[in-house]
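Peer 1: Quick check, what structure comes out for this input:
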Amino acid sequence: MLCYINRSRPASHWSEPNKQIIPDLQYSIGVFMTFKPWTAKPAIALGAVTAIALILTGCAPAAGTDSGVTTLKMVFEPGPEADAMSVLVDEFNTGEGKDAGIAVEITQLSRTDTFAKEAAVMSTKSSDYDLYRTASYLIAQHAPYLEPLALDESLYFETAVDSLKVDDELYGVPLDVSNHFLYYRTDLVEAMMGDVEGFKKISKEAFGKELEPKNPDDWTWDDYLASAAYFTKTYNPESPTEYGTILQAKNLVYNAMVWGDVLWSFGGGWLDADGNPDLNSDAAKKAVAVYSAAYTSGVVSADSSQAEYPETQAALTSGNAAFAIQWGAAFAGLNDAEQSPLTAGKIGVAPVPGDIHQTHVHTLSVGINKYGKNKEAAATFVNFLAKADTMTTYVGAGGIAAMPTVLDANATVNPLFPYLSRDIAANSFAAPNEKRAFDIYTMIADELSAAWVGEADINDAVNAANDALTDLIDK
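Peer 2: Model prediction:
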């Protein structure tokens, strides 16, 4: 059974939902979405929670047993992840679940505000749903309402597991992982590698350093900037592209995730080793300076100040840029001959540049309702999801497993899988599991996006970000 609520406003991966305020989980978000919190009076907020909870619980009867079968209700957002999960649910219901007298039903809420509606139910400690949708950037908020899990963590990428832990307890089964790569035109970079003297001259002119061309697998940020200059007509009139690259520099939460790669590559992070706010560190200043140097030198289009995922994709597929840091999900489109005839078969996949290569990772997940009435049955389904065979079916249905052995064995399903396995295993990080993690991403974009494009002083920007981070982690 599928239950749909509030489908009047379908959303794409990048749309922004309306904000819903609720007690305890007052900074809830929609999947892949962001918004800024507003303050509601307690009575109004409580009324909103009650109303939302009534809507949700009225959507379907409470989970329970029927004719000896325990029916589990699982919250999930519509979209490709739900399509892949539906395949697993069908397999479970006709196999292990049938043998155990357990059936799983997916309740799909609006993609725009799935988590806001779900969190409203969580805050009432409802038992109406047995399995909740969660994610690494929400796990600290959701943990008080979820059961700790005992899974074989060795099957998964360490970063994926860590991203779903709070106080060393795992609260969700790792499912889809998202990360970043440096995508580049192999044909163009091959030509660049053969023009050593031209590269030296251009890198010296653009950034004051005489560098030699390198394989993108080995790029530092200096190499990234110099290569961008080489493919920019302002510095190289013979360049086949107008600009070397593009920055995802729009004031947007997901762009803060991309910039985090640069921050971590310099050894930085949100917090220092003692857990104190550290967004005004030397590493943070260097990370902002990379963006600012790229933008103000003109090796990226001025439109980068308003760019995110789709603009980055367009810059690559149109031949306007030679390379870019982009989300893993973009590879299929870049390599599709029908969608992208210019780039198909010519896209190389390198780690994100840096003195140390680092990519942000977040993980989508499912957890067990701490207040559910069928926790043992729910654990049976979670254990089913935690099997390599199950995840093999999942990737065949379009999912991205957090298990390296599954990705490595299924390169024919998706040629990006070996690169995912390579970088998530060796070059990845998960941001700290703060209760207001998504608000921190939003704040970083708010405070730093002007400095990314040279319109604000770097020191002032990182100091403001650090002050705001202090406020967010203290609440």
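
Peer 1: Could you break this structure into its assigned domains?
Peer 2: Here the domain assignment for the chain is 42-178+361-429, 180-360+436-473, based on automatic domain parsing.

Peer 1: need those domains in a markdown table with mean neighbour count, can you?
Peer 2: All C-beta spots, glycine's among them, are computed from the backbone N, C-alpha and C. Formatted as a markdown table, the domains of the chain follow (neighbours: other CB atoms under 10 Å):
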| stretch | mean neighbour count |
| --- | --- |
| domain 42-178+361-429 | 20 |
| domain 180-360+436-473 | 20 |
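
Peer 1: so how far is residue 106 from the residue lying farthest from the centre of the chain?
Peer 2: Distance from the C-alpha centroid of the chain, by CA atoms, centre = their mean, peaks at residue 67 (41.3 Å). Note on residue 67: its distance to residue 106, by CB to CB, to the nearest Å, is 20 Å.

Peer 1: which residue ranges form the strands in the stretch 1-150 of the chain?
Peer 2: 64-66, 69-76, 102-108, 131-135 (DSSP state E, counting those that start in this stretch).

Peer 1: Now mean pLDDT and distance to residue 346 too, for these, in JSON lines please.
Peer 2: Output for the strands of the stretch 1-150 of the chain, formatted as JSON lines (pLDDT from 0 to 100; distance: least, CB to CB, whole Å):
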{"stretch": "strand 64-66", "mean pLDDT": "56", "distance to residue 346": "55"}
{"stretch": "strand 69-76", "mean pLDDT": "97", "distance to residue 346": "36"}
{"stretch": "strand 102-108", "mean pLDDT": "95", "distance to residue 346": "38"}
{"stretch": "strand 131-135", "mean pLDDT": "97", "distance to residue 346": "33"}
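
Peer 1: quick one: which of these is nearest residue 272?
Peer 2: strand 131-135 (25.4 Å; CB to CB).

Peer 1: Centre of the chain to that closest one, how far?
Peer 2: 15 Å (CA atoms, centre = their mean, to the nearest Å).

Peer 1: for stretch 420-433, same thing?
Peer 2: Distance of stretch 420-433 from its chain centroid, counting by CA atoms, centre = their mean, is 11 Å.

Peer 1: same thing with stretch 417-433?
Peer 2: On CA atoms, centre = their mean, the centre of stretch 417-433 falls 12 Å from that of its chain.

Peer 1: What's the end-to-end length of that stretch?
Peer 2: As for stretch 417-433, its first-to-last residue distance stands at 26 Å under the measure CA to CA, to the nearest Å.

Peer 1: what bridges to residue 105?
Peer 2: Using DSSP bridges, the bridge partners assigned to residue 105 are residue 73.

Peer 1: which residues of this protein score low on pLDDT?
Peer 2: For the chain, the stretches with pLDDT under 70 are 1-66, 109-111, 475.

Peer 1: on that earlier part again, quick one: the residue farthest from the centre of the chain and residue 101, what's the gap?
Peer 2: Taking CB to CB, one finds residue 67 at 9 Å from residue 101.

Peer 1: Ok, residue 365 next?
Peer 2: Taking CB to CB, one finds residue 365 at 25 Å from residue 101.

Peer 1: Next: residue 422.
Peer 2: 42 Å.

Peer 1: Likewise for residue 380?
Peer 2: Distance of residue 380 to residue 101, given as CB to CB: 10 Å.

Peer 1: Next: residue 153.
Peer 2: Residue 153 is 29 Å from residue 101, by CB to CB.

Peer 1: Adding distance to residue 89, write the strands of the stretch 1-150 of the chain out as a markdown table.
Peer 2: Shown next, in a markdown table, are the strands of the stretch 1-150 of the chain (distance: least, CB to CB, whole Å):
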| stretch | distance to residue 89 |
| --- | --- |
| strand 64-66 | 17 |
| strand 69-76 | 8 |
| strand 102-108 | 5 |
| strand 131-135 | 10 |
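
Peer 1: out of the ones you listed, which comes closest to residue 443?
Peer 2: Residue 443 lies closest, by CB to CB, to one member of these: strand 131-135, at 18.5 Å.

Peer 1: who touches that closest one?
Peer 2: Strand 131-135 has contacts (CB atoms under 8 Å, 6 or more residues apart in numbering) with 31, 72-77, 104, 114-115, 118, 122, 142, 145-146, 164, 171-172, 362-369, 372, 378, 381-382.

Peer 1: do the same with stretch 441-457
Peer 2: Here stretch 441-457 makes contact (CB under 8 Å, 6+ apart) with 34-36, 137, 247, 249-257, 259-260, 279, 288, 291-292, 295-296, 304-305, 431, 458, 460-462, 464-465, 468-469, 472.

Peer 1: try 6 Å this time
Peer 2: Contacts to stretch 441-457, defined as CB atoms under 6 Å, 6 or more residues apart in numbering, come from residues 34, 249, 251-253, 255-256, 288, 291-292, 295-296, 305, 458, 461, 464-465, 468.
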